[in-house]
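> when you get a sec, could you give me coordinates for this:
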Amino acid sequence: MRSSSTRSLTAAALAFTVGCGSTPEPVAVRLVDLFQPDVVAGSPVVDPPGRTEWRFDGAMPEGEFAATGGVVAGPGVRGLEIRDGRLVGQTTSDFPLLRVERTGALDAEDQVHSIVVRMRVSDGANLQIAFSADETVEFPALQGAMAGSPFAIRTPIVAGDDLQTYTLTPIENVAASAVRHLVVRPTDVEGADFEIESLRVVFRKEHLANIPSGVGWQGLDEVYLESLVSRAPETLSFDVSLGARPWLDLMLGTIDSLPVTFQVDASRPDGSDPMRLLSQTLTTPERWERRRLDLGAFAGQTVRISLSLAADADGAIGFWGSPVVRNDGARPEAVAQEQPASSAGSLGVRPRGVILIQVDTLRRDHLEVYGYERETAPVLTRLAAEGVTFRRATAQATWTKVSTPSIMTSLHPLSHGVRDFADRLPAGAETLAEQYRAAGYATLAYSSVLFTGQFSNMHQGFEELHESGSADVSPSSKTAREYIDRLSAWLGTHRDVPFFVFLHLFDPHDPFEPREPYATMWADPAHKAEHEEQLEALREHIANPILRQFGMPDQRAFEAAEIDPEAFVSYDQDWYDGSIRGMDVELGRLVERLRALGLDDDTLIVFMSDHGEEFLEHGRMFHGQTVYDELTQVPLIMRWPGAIPAGVVVDENVQLIDIMPTLLDLSGLPHPEGLQGRSLLPFVAGDDRAIAAWVTRPSFAEKAPTSGAAAPPPADTESYAIIDEDWLLIHNRARDDDTPEFELYDVATDPLNLTNVADAQTEVVARLARELDRWHRIAEQARLPDDAEATAGLSQEQLERLRSLGYIR
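Here you go, the predicted model:
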């Protein structure tokens, strides 16, 4: 939710209504939105779990390192000692390390919530933490791992004379069993003094035991939900007005090994006429169980819903995942009455469901609907024939981390601020999912890489998120089958309520080799061993560690290894095309499921890719490195049988930031302020008058400089592209010596941007450069405030709610 809005960051509608004469009915009532501390009764008084903490102001442990409180000085540290209740020392390199061993509860079924360090350091920029599960720590190997890891746990430090408290949160889940050693890099400069008052590892069970019951963003087996967290023997009670066909949608889960019983009761608000809806005991931790509870006996009434936990031990924790009272058949028509003027030519109907399919790394020119000679996606071709195909859609960035926030906010990367590996979408952004959630839609996301999940704060607005770690798939990038299996089951439960689904599929992404039968659909299995041997030979000549890990050689690596690049790339493309075909088959299963549920004619499907892939067109493989057309030009297809025209092909330049306003218009929902895309409704609605009045606008893409080791190289280049009619101008603001400042291509005759005509078209270059600079200034001026600025006026209660949902840290 953008900070300029008159609504606060935490505002959410508590009940959503549909037009039904003069009597409104609720569409969805989320119990997490109704939560207040006074709904909790029966809270236990229990002793909290023991702390995992090292302090230096009391009795020291026995043993070899007793003089330093059990802490071992690693490389780059001298003079380590305890002085005045603090661990002090000096750094002799820019990578100093300390180690301390944890000896208890190494097999605990728990995970790290955070690490808290209270210290002072005289100089430097960053504090870094690492863990080791090994019996002994090899410092040189650990230094290398910490230096190159994209998942390093680090935070900026405030150097000076005062003690500071730093709280660090792991990017990935860290099991308690993996924390045998805590390794600390107190600073990143040589010659600094440091004083450490305390080191503490906070595990999840300890964290939950020390906070009041309430709202939290909780995950079990990498599936995360807006949740109510409570502890036995508590009861949470909510008074809710019900519609004509009400039911309670929720998931149950626990992190305790002991049995925990979940009970749901319904009664009148005064407690009379009680009815037990559920009594279920869970004995398996770290697993969600979905339940649909019928509230039909109370239809049209106000009901008290009570959620209770029971266990042999007081304080046992239970999660009520995404508890929502839904109303089958209800549609958010009342919200549609507030639709913006831009939707005046809309279709007069609203889809019950919207499924936004983002296929990672999918080149437009590898689909037959865009002219490819192979039949890589026959299902998609049929869907395109039943809907609208945009032939010239531009992605605003060329890697998932940066492109996806643009799709979900209708903002350029310069404006939303996510441009590097560790960047997070500001909590003040208003996402597409938040608009659907506010209108009462069930919101669900499937993420195939951490960039589209909570790591980037892309879970804003979703009731339920399946992170990539929840999908145990083989080959590792082929997620379509698993996620469409899950979505098919979910649709069966939610067929009669409005829904918005973000389905991120990874199949075309490397490793390119698909499962059978697609692995040998075009690739000759007789040459597989040779291809794999060549890849290992090429790795030795790939300088960048990220590209080496992914097996992405550039032209120089082929020359150094004396391997034919054309044959190698051709085999990779055979696998790539097979992966597309495998994804396409799964897409067909999704359409079959929609038809079987009677949802096909009531569901809008939007199919697109976040970026393409380079196959040596400009001397490189992979993505995120340039802004050439093989990366920025992506498929975009919209299909809603019977509502939008079939077989329409649009040749206008459009952008992925246009998706959000288009979907909001088709759904009759208002636009947040400041969207930079524009609605494609005239083309989707077949409005000839609006199409005739359409004014063509340029499209834009960018590649920003990066600092993190995990971002696609090269880190120090900066390029911006403008696509105006058939011209593509690239301004390389930061570049290597072999790259010109400006590149100009006629994309109508040169779709792969192989012939730079900038020197022959100087007037075109000058005109487009001025337009590109103007856009750059406007996009920078519209940059969202960071979280500290956006939340400055919020209350402590509002801040804690945002933290509990993972929106801010």
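
> W320: which element?
strand 317-327 (DSSP states H and E).

> how far out from the middle of the chain is that strand?
Mean-position distance between strand 317-327 and its chain equals 22 Å (CA atoms, centre = their mean, to the nearest Å).

> correct me if wrong: F742 contacts D759.
No: using CB atoms under 8 Å, F742 is not in contact with D759, being 9.2 Å away. Just so you know, the C-beta spots here come from the backbone N, C-alpha and C atoms, and that holds for glycine as well.

> and those two? Which one has more around it.
Neighbours were counted for F742 and for D759 using other CB atoms under 10 Å; F742 has more, 17 against 10.

> bridged to the more buried one, which residues?
H731 (DSSP bridges).

> quick one: it from T394, how far?
19 Å (CB to CB, to the nearest Å).

> same check on P140?
With CB to CB as the criterion, P140 and T394 are 46 Å apart.

> check E368 too.
21 Å.

> please apply the same query to G492.
37 Å.

> tell me which of these two has more neighbours.
Shown here are G492 and T394; by other CB under 10 Å, T394 has more neighbours (25 against 13).

> what residues are up against that one?
632-634, 653-656, 699-701, 723 (CB atoms under 8 Å, 6 or more residues apart in numbering).

> ok, and the closest non-adjacent residue to it?
Leaving aside its chain neighbours, T394 sits nearest to S699 (3.8 Å; criterion: CB to CB, 6 or more residues apart in numbering).

> pretty sure that neighbour is touching E652, no?
No: at 9.8 Å, S699 and E652 do not qualify as touching, with contact defined as CB under 8 Å.

> bridging residues for D724?
Applying DSSP bridges, one finds that D724 bridges with W727.

> report the buried residues of the helix or strand hosting E532.
Element membership of E532 [criterion: DSSP H and E] is helix 528-539. Judged by neighbour count using 16 or more other CB atoms under 10 Å, the buried positions of helix 528-539 are 531, 534-535, 538-539.

> thinking again about what came up before, CA-only coordinates of the strand holding W320 in PDB, if you can.
Only the C-alpha atoms of strand 317-327 are listed here, as PDB (Å, rounded to 0.1, in the frame of the first residue of the first chain):
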ATOM      1  CA  ILE A 317       1.700 -23.700  19.900                       C
ATOM      2  CA  GLY A 318      -0.800 -24.000  17.100                       C
ATOM      3  CA  PHE A 319      -1.200 -22.100  13.800                       C
ATOM      4  CA  TRP A 320      -4.600 -21.200  12.400                       C
ATOM      5  CA  GLY A 321      -3.500 -20.700   8.800                       C
ATOM      6  CA  SER A 322      -5.400 -18.100   6.800                       C
ATOM      7  CA  PRO A 323      -8.700 -18.400   8.600                       C
ATOM      8  CA  VAL A 324     -11.300 -16.800   6.300                       C
ATOM      9  CA  VAL A 325     -15.100 -16.900   6.400                       C
ATOM     10  CA  ARG A 326     -16.100 -17.100   2.700                       C
ATOM     11  CA  ASN A 327     -19.500 -16.900   1.000                       C
END
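
> strand partners (parallel or antiparallel) of that strand?
By DSSP bridges, strand 317-327 pairs with strand 28-30 (antiparallel), strand 223-231 (antiparallel), strand 246-254 (antiparallel).

> can you tell which of those strands is closest to F455?
strand 223-231 (11.4 Å; CB to CB).

> quick one, longest helix in the chain?
helix 565-596 (DSSP state H).

> same for it, what does it pack against?
Counting contacts by 3 or more CB pairs under 8 Å, 6 or more residues apart in numbering; DSSP states H and E, helix 565-596 packs against strand 353-359, helix 378-385, helix 480-493, helix 528-539, helix 555-561, strand 603-608, strand 614-615.

> run the chain-centre distance for the helix holding E532.
That offset, for helix 528-539, works out to 33 Å (CA atoms, centre = their mean).

> angle of that helix against helix 565-596?
Here helix 528-539 runs at an angle of 110 degrees relative to helix 565-596 (axes from the mean of the first three to the mean of the last three CA atoms, to 10 degrees).

> for helix 528-539, what is the average pLDDT?
Averaged across helix 528-539, the pLDDT comes to 98.

> mind giving me the packing neighbours of the next helix or strand after it?
Along the chain past helix 528-539, the next helix or strand (assigned with DSSP H and E) turns out to be helix 545-550. For helix 545-550, the packing partners by 3+ CB pairs under 8 Å, 6+ apart come out as strand 621-622.

> doesn't A701 belong to a strand?
Yes: counting by DSSP: H, G, I helix; E, B strand; the rest coil, A701 falls inside a strand.

> quick one: contacts for it?
Counted by CB under 8 Å, 6+ apart, A701 has contacts 394-398, 627, 632, 720-721, 723.

> most neighbours among those, which one?
Q396 (32 neighbours).

> ok, that one touching L656?
Yes: under the criterion of CB under 8 Å, Q396 makes contact with L656 at 6.0 Å.

> pull up the overlap in contacts between these two.
The contact lists of Q396 and L656 share 403, 406, where a contact means CB under 8 Å, 6+ apart.

> where along the stretch 1-150 of the chain do the helices fall?
Taking DSSP state H, counting those that start in this stretch as the test, the helices found in the stretch 1-150 of the chain are 31-34, 139-148.

> list the buried residues of stretch 184-197.
Neighbour count says stretch 184-197 has 184-189, 192, 194-197 buried, by 16+ other CB under 10 Å.
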